[in-house]
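Novice: I need the structure of the sequence given here:
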Amino acid sequence: MKMTMWMMAMVVTGMFFSCQHYPELVTVESMPDDEPAVVISTGIMYNEWMEAANPLNPYDEVGYWHNRILVDTESCRGVRQQAGDVAVTHCIRQFVLTELGVDLSQQELLAVLESVMPEYDNLFIQVVENSVLEEYVKHYLRRILETVRGYGGENNWWGSYDEFKQAIQQLETEVLHDPVLSDWERKAVLSVSSVARYSGLYWMNLEIEDNPAAFSKFKNFMIKVAGISGDIGGAIGGLMDDSVTLGEIAGHAAASSARCRDSVIYGMPG
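Specialist: Numbers count the residues shown, from 1 in each chain. Below is the predicted model:
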């Protein structure tokens, strides 16, 4: 049986990141002057994000604001992109403070990144295991990651968003009616699932605007893999306790995927 594109992506990603032990991200400023700036956009407008909505999820706004953060961060970096944690976290903190009134700690954002990023090569499964949440709750989080793992089809590059969304919504329905979960545990899982739904729509519609032919089809796919899995890993990694705000969860997720996205764009051959 042929290896699916997703399985290939995980093998290549694992080799790439495990060999480099997740080095410091390069910055555009450190590259040769003739290195083209890489600009990305979602290809969809804010109102079209409602395709990702699930009105039954009381924490649905987490995913919406997460996507808003991603778009604003790209704009904030400027036409000539600046990679690196300091630039990214600055942009995220500025947006979250202005739009949501939440003063994110840069130290906390960087701490989440340092705890989450080493787990990229196994799709952040260990991030779930390291979580402070109970084993019963971790089961739901694993299912979200497994849904992402099974998203790519054998004969296409990214699968069907409708199928992905339906799988996430089915899990959310179970969570909403699960009598075992506490309010905090329900909030934790539904916040992560919201990020997953909106993140999938964002990255599926990603466009490489400057010289799209510069990257191979596989590398373009890997940028999307890095983005959506990074979003979910960051959302899970930021679930410290029941005092975490929706803005913090969205910010943690966006910072994580930005770092993953930069590492593929600037560090992966092809």
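
Novice: and the nearest residue to G238 once chain neighbours are set aside, how close does it get to E135?
Specialist: With sequence-adjacent residues excluded and distances taken as Cβ to Cβ, 6 or more residues apart in numbering, G238 is closest to H252, at 3.1 Å. Quick note: C-beta positions are derived from backbone N, CA and C, even for glycine. H252 sits 22 Å away from E135 when distances are taken as Cβ to Cβ, to the nearest Å.

Novice: so which of those two has more stuff around it?
Specialist: Neighbours were counted for H252 and for E135 using other Cβ atoms under 10 Å; H252 has more, 30 against 8.

Novice: that's a helix at the more buried one, yeah?
Specialist: Yes: assessed with DSSP: H, G, I helix; E, B strand; the rest coil, H252 lies in a helix.

Novice: is the residue nearest to G238 in contact with M240, as I believe?
Specialist: No: look at H252 against M240 with Cβ atoms under 8 Å: they stay out of range, at 9.4 Å.

Novice: now do the helices in the stretch 1-150 of the chain.
Specialist: Along the stretch 1-150 of the chain, counting by DSSP state H, counting those that start in this stretch, helices occupy 5-20, 61-77, 85-100, 106-116, 125-129, 135-149.

Novice: which strands and helices sit next to the fourth one?
Specialist: The contact analysis (3 or more Cβ pairs under 8 Å, 6 or more residues apart in numbering; DSSP states H and E) places helix 106-116 against helix 85-100, helix 217-237, helix 246-267.

Novice: repeat for the fifth one
Specialist: Helices and strands touching helix 125-129, by 3+ Cβ pairs under 8 Å, 6+ apart, are helix 135-149, helix 217-237.

Novice: and for the second one?
Specialist: Using 3+ Cβ pairs under 8 Å, 6+ apart as the contact test, the elements touching helix 61-77 are strand 40-41, helix 85-100, helix 183-204, helix 217-237, helix 246-267.

Novice: picking that back up, same list (the helices and strands packed on helix 106-116) but as TSV, adding distance to E61 and mean pLDDT.
Specialist: What follows is the helices and strands packed on helix 106-116, written out as TSV (distance: least, Cβ to Cβ, whole Å; pLDDT from 0 to 100):
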stretch	distance to E61	mean pLDDT
helix 85-100	10	86
helix 217-237	14	83
helix 246-267	6	85
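
Novice: same list, the ones you listed, but as TSV with distance to A53 please.
Specialist: Formatted as TSV, the helices and strands packed on helix 106-116 follow (distance: least, Cβ to Cβ, whole Å):
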stretch	distance to A53
helix 85-100	18
helix 217-237	17
helix 246-267	15
